[in-house]
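In: Please find the sequence and the predicted model below.
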Amino acid sequence: MARKLYIECNTGISGDMVVASLLDLGADREVLEEVLESLISKMGGFDYKISQVTKAGIMACDFDVILDEDNHDHDMQYLYGHEKSSGIAEGTHGHTHSHDHSHDHSHSHDHTHEHSHEHEYTHDHTHSHSHDHNHDHSHEDHNHHDHDHHHVHRSLADVIEIINAAEMTASARELAIRIFTIVAEAESSVHGRSIDEIHFHEVGAIDSIVDIIAASVCYDNIVKNNDIDETIITRLVDGTGTVRCQHGVLSVPVPAVLKIAELQKVPLSITSRQGEYVTPTGAAFAAAVMTTNSLPESFRIVRSGVGAGKREYEIPGMVRCMIVE
């Protein structure tokens, strides 16, 4: 009997949530770790951790990319809170980022930060690579500090070169390139630039590259080991409000998510939940693997897996994956 993979996105989807849910479903962790170690040796700039966490009393897997350089967009207070010096009106969802994690360490790092890697894309690559950031790093004293970072920007071709250098199967590599291309095409359309002009800010690009490669490796492993002939995603479910990113404050769903849904014909629902539940990387993964949006009338669940999101919303973000027949 043919088996199908059902990816449920009722409370959102992001790259790290996909990886975690597929690992929980049974993707070979050793295979993933070999690929990530090869990526670390070639690219560097990150480490990772796979652990078990609790979300709303439910055990779930967590996949965390640990960046060597801090990514300001991981901070719930920064994403949704008010920062007086910016003169920008933020959304109404001012959460802190405390977590009730119980970690099973694969590496020796402690890390509980949220990475919003999908909002680090930039098309303005003609300006100086020395940027002044005036961000609030402290929830206690709210002092602002200036940081002078010297960033490298990567084009889609640069990212594809990195993906090609990773030690992974040809089918996983093809999927990773497809996912990144979907994101780049959406960003190209949103910003009115050619796809060759779309550049990825280094910090965000590392996070996205790792998530996309990891998701592709885990998906490829699940499909091959379980003879999956179809991938079902009924719809993506996002929230509302605003979120701060490199380009400023954007409405949720963010423009890249809307554009991916439009260009790739992915069903999308928008709820009254405050917060960004669907990220561009998550939407691009869904678009790349979805073969149908229709569940069978009835089915038997062979195995299931749950992947946790990191943002502390009223309704926790989780991706559930099921092998059904």
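Out: It's in.

In: Only C-alpha atoms from now on, for both contacts and neighbour counts.
Out: OK.

In: which stretches of the stretch 151-300 of the chain aren't confidently modelled?
Out: Filtered on pLDDT under 70, the stretch 151-300 of the chain yields the residue ranges 151-152, 200-204.

In: so where do the strands sit in it?
Out: With strands called from DSSP state E, counting those that start in this stretch, the stretch 151-300 of the chain shows them at 153-155, 199-201, 228-232, 236-240, 242-245, 248-251, 268-274.

In: Just say which of those strands is most tucked in.
Out: strand 199-201 (a mean of 25; mean count of other C-alpha atoms under 10 Å).

In: which stretch among the strands of the stretch 151-300 of the chain comes nearest D24?
Out: D24 sits nearest to strand 228-232 of all those, at 16.7 Å, using C-alpha to C-alpha.

In: contacts for the closest one?
Out: Applying C-alpha atoms under 8 Å, 6 or more residues apart in numbering, the contact partners of strand 228-232 are 2-7, 222-223, 289-295.

In: What subset of those is buried?
Out: Among those, the ones that count as buried by 16 or more other C-alpha atoms under 10 Å are R3, K4, L5, Y6, I7, I222, V223, V289, M290.

In: and the first one, what does it touch?
Out: If I follow you right, that is R3. Counting by C-alpha under 8 Å, 6+ apart, R3 makes contact with N226, D227, I228, D229, E230, I323, V324, E325.

In: Specify the beta-bridge partners of the fifth one.
Out: Residues in a beta bridge with E230, per DSSP bridges, are K4.

In: Could you shift the numbering so residue one becomes 45, and keep it that way?
Out: Got it, the first residue is 45 from now on, which makes the last one we talked about E274.

In: Local confidence estimate at E358?
Out: E358 is assigned a predicted lDDT (pLDDT) of 85.

In: circling back to that earlier point, please convert the buried ones among the contacts of strand 272-276 to a markdown table, extending it with distance to G101.
Out: Below are these laid out as a markdown table (distance: C-alpha to C-alpha, whole Å):
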| residue | distance to G101 |
| --- | --- |
| R47 | 30 |
| K48 | 28 |
| L49 | 25 |
| Y50 | 23 |
| I51 | 21 |
| I266 | 27 |
| V267 | 29 |
| V333 | 30 |
| M334 | 30 |
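
In: Go through the residues you listed and say which is closest to A228.
Out: When those are ranked by distance to A228 (C-alpha to C-alpha), V333 comes first, at 16.8 Å.

In: What distance do you get for E369 to H197?
Out: E369 sits 45 Å away from H197, going by C-alpha to C-alpha, to the nearest Å.

In: State the mean pLDDT of the helix or strand V63 falls within.
Out: Secondary structure assigned from DSSP states H and E places V63 in helix 59-69. Mean per-residue pLDDT for helix 59-69: 98.

In: With stretch 74-90 instead?
Out: Mean per-residue pLDDT for stretch 74-90: 94.

In: Now do that stretch: everything it contacts.
Out: With C-alpha under 8 Å, 6+ apart as the test, stretch 74-90 has contacts from 91, 109-113, 206, 209-212, 250-251, 254, 258, 261-262.

In: Swap in 6 Å and give it another go.
Out: I110, L111, D112, A210, E211 (C-alpha atoms under 6 Å, 6 or more residues apart in numbering).

In: cool, and stretch 340-357?
Out: With contacts defined as C-alpha under 6 Å, 6+ apart, stretch 340-357 is touched by 61, 64-65, 68-69, 104-106, 158, 361-369.

In: now do 7 Å
Out: Contacts to stretch 340-357, defined as C-alpha atoms under 7 Å, 6 or more residues apart in numbering, come from residues 61-62, 64-66, 68-69, 104-106, 120, 139, 141, 158, 361-369.

In: what are the C-alpha coordinates of the top helix by length along the chain, in CSV please?
Out: Secondary structure of the chain per DSSP state H: the longest helix is helix 246-269. Output of helix 246-269 as CSV, limited to C-alpha atoms (Å, rounded to 0.1, in the frame of the first residue of the first chain):
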residue,chain,number,x,y,z
GLU,A,246,25.3,37.0,5.7
VAL,A,247,23.9,36.3,9.2
GLY,A,248,20.5,35.5,7.9
ALA,A,249,21.8,33.6,4.9
ILE,A,250,23.8,31.2,7.1
ASP,A,251,20.7,30.4,9.2
SER,A,252,18.6,30.0,6.1
ILE,A,253,21.2,27.8,4.3
VAL,A,254,21.5,25.5,7.3
ASP,A,255,17.7,25.2,7.7
ILE,A,256,17.0,24.6,4.1
ILE,A,257,19.8,22.0,3.7
ALA,A,258,18.7,20.3,6.9
ALA,A,259,15.1,20.2,5.8
SER,A,260,16.0,18.9,2.4
VAL,A,261,18.2,16.1,3.8
CYS,A,262,15.6,15.0,6.4
TYR,A,263,12.8,15.1,3.8
ASP,A,264,14.8,13.2,1.3
ASN,A,265,15.6,10.6,4.0
ILE,A,266,12.0,10.2,5.0
VAL,A,267,10.7,9.9,1.5
LYS,A,268,13.3,7.3,0.4
ASN,A,269,13.1,5.2,3.6
